[in-house]
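# sharing a model prediction with you, sequence too.
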Amino acid sequence: MSFRPDRLIAVRESLGINKAEAARRLNMSAMGYGRYEHGEREPSFPTVSFIAHSFGTTTDYLYGLSDDSAADTITLSSDKNPELFALVRSCLDSDSTTKRLLSYWKKLNMEERT
């Protein structure tokens with residue numbers, strides 16, 4: 001299993017950001033990031049995991065094990081979005097709340113399509 005620099009480039013481009021912005025988001029030097037994109041250096045698995053999480057993709061995609069670049073998990077931060085975090089937490093704590101909210105969401109989703 002080896003890291004696929006072409007996949008990193010594709011994800012970065014799909015986000016509409018340049019190499020400097022990608023490096024900034026990952027809190028690394030532009031030169032270090034550029035080495036990953038050029039295949040001059042292979043990131044460790046923890047680094048690939050961090051890149052995948054930061055760019056909304058999966059490690060499987062970055063390693064070429066999957067052609068699906070969409071992330072299969074979402075991380076919510078109580079600092080960045082406290083209301084959404086509280087909503088999700090309430091769903092985890094109560095099945096009835098989850099069922100009611102999903103019912104509302106389905107109705108809203110149907111209205112948006114019409």
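Now that the structure is in, tell me what you want to look at.
# let me see the domain layout of the chain.
Residue ranges for the domains of the chain, per automatic domain parsing: 5-62, 82-113.
# by mean pLDDT, show me the worst of these.
In terms of mean pLDDT, the lowest-scoring of the domains of the chain is domain 82-113 (a mean of 88).
# hey, C-alpha coordinates of the longest helix belonging to the chain in CSV?
Across the chain, the helix with the greatest residue count (assigned by DSSP state H) is helix 95-113. Written as CSV, here are the backbone C-alpha positions of helix 95-113 (Å, rounded to 0.1, in the frame of the first residue of the first chain):
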residue,chain,number,x,y,z
ASP,A,95,-34.1,7.3,19.8
SER,A,96,-37.4,9.2,19.8
THR,A,97,-35.6,12.5,19.2
THR,A,98,-33.7,10.9,16.3
LYS,A,99,-36.9,9.6,14.8
ARG,A,100,-38.7,13.0,15.1
LEU,A,101,-35.8,14.9,13.6
LEU,A,102,-35.4,12.5,10.7
SER,A,103,-39.1,12.9,10.0
TYR,A,104,-38.8,16.7,9.9
TRP,A,105,-35.7,16.4,7.7
LYS,A,106,-37.4,14.2,5.2
LYS,A,107,-40.3,16.7,5.0
LEU,A,108,-37.9,19.6,4.4
ASN,A,109,-35.9,17.6,1.9
MET,A,110,-39.0,16.7,-0.1
GLU,A,111,-40.1,20.4,-0.1
GLU,A,112,-36.7,21.5,-1.4
ARG,A,113,-37.1,19.1,-4.4
